[in-house]
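In: Just a sequence and a predicted model for now, questions to come.
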Amino acid sequence: MARTALVTGATDGVGRVVAGALGKAGWRVLVHGRDHTRGEAVAGEIAKAGIGTAGGNPGRQVSADGHELRFAVNYLAGFLLTYELLPLLKASAPSRIVNVSSAGQQAIDFADVMLTRQYSGVAAYCQSKLAQIMFTIDLARELNGSGVIVNSLHPSTYMNITMVRRAGVSPMSKVETGAEAILQLAVSPKLEGRSGLYFNVMTEARANPQAYDAEARAKLRAISLDLTGADDRLR
């Protein structure tokens, strides 16, 4: 039976390359994207691999649920999806979860997580990416011994993707470089049994110090469970 991979952001940028590489390697690839039409057309790849610092609008935006958009798309969506899929991941062990974060990280202000008082796209993006790493560390501990490992990474700096171009930044890295880094965490035998780590491209690294603050991670988890309603599913 073919191994199965769910690739979020799979119709554009690095997600598209990762989905294609897994497909060529014989994996059954489940495509996830925010644009249904492009998802069907590309059959393995998304129109927006995430919400960046600009996102076509410099002002504060909110999701359909009323949450700050970058926090919702980059972090809360993956948080909830992961918990929805955990029973299947455990039943299919050995399984892996890869959270595609960024070197752009900023400590979360728990007094104003949704940045209602003082907003900037950069701050919103950077705290959403740190949240992914904090979730990775907590989830790795929760899943210890289950056969499911979870790691995160900064895939590459300013890859040639829609999100970077939209922000008005000149690309510095190839999408293929980021895809190779993601695939290492997804399929490399070197990562077997290793969980809760953060990588800078291909190399294990240290994230923002708040990622290693257990109290901060507990606060983030409580907020995330409340905002997504996932706490009801875990009872």
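Out: Good, I have the coordinates.

In: after the helix or strand of the chain with the lowest mean pLDDT comes which helix or strand?
Out: Scoring the helices and strands of the chain by mean pLDDT, DSSP states H and E places helix 36-42 at the bottom, with a mean of 59. Counting by DSSP states H and E, the element after helix 36-42 in chain order, helix or strand, is helix 69-71.

In: Check which helices and strands that next one is in contact with.
Out: In this structure, helix 69-71 makes packing contacts with helix 121-142, judged by 3 or more CB pairs under 8 Å, 6 or more residues apart in numbering; DSSP states H and E. The C-beta positions use only the backbone N, C-alpha and C, and glycine is treated the same way.

In: to the chain's geometric centre, what's the distance from the helix it packs on?
Out: 8 Å (CA atoms, centre = their mean, to the nearest Å).

In: what sits against residue 154?
Out: 101-103, 198-201, 205 (CB atoms under 8 Å, 6 or more residues apart in numbering).

In: Which stretches in the protein count as helices?
Out: 13-24, 36-42, 69-71, 77-91, 121-142, 162-166, 175-187, 214-228, 230-234 (DSSP state H).

In: Dump these to TSV, plus distance to residue 61 and mean neighbour count.
Out: Shown next, in TSV, are those (distance: least, CB to CB, whole Å; neighbours: other CB atoms under 10 Å):
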stretch	distance to residue 61	mean neighbour count
helix 13-24	20	23
helix 36-42	20	14
helix 69-71	4	24
helix 77-91	14	16
helix 121-142	9	22
helix 162-166	14	18
helix 175-187	25	20
helix 214-228	16	16
helix 230-234	23	12
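
In: Quick one: those helices as CSV, columns for distance to residue 153 too.
Out: Converted to CSV, the helices of the chain look like this (distance: least, CB to CB, whole Å):
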stretch, distance to residue 153
helix 13-24, 11
helix 36-42, 23
helix 69-71, 19
helix 77-91, 14
helix 121-142, 9
helix 162-166, 16
helix 175-187, 6
helix 214-228, 18
helix 230-234, 24
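
In: which stretch in those is the model least sure about?
Out: Lowest mean pLDDT of the helices of the chain: helix 36-42, a mean of 59.

In: So this protein: which segments form each domain?
Out: As given by automatic domain parsing, the domain ranges for the chain are 1-49, 58-234.

In: If you rank the contacts of residue 154 by neighbours, which is first?
Out: Using other CB atoms under 10 Å as the neighbour test, the contacts of residue 154 are led by residue 101, with 28 neighbours.

In: With that, I have no additional questions.
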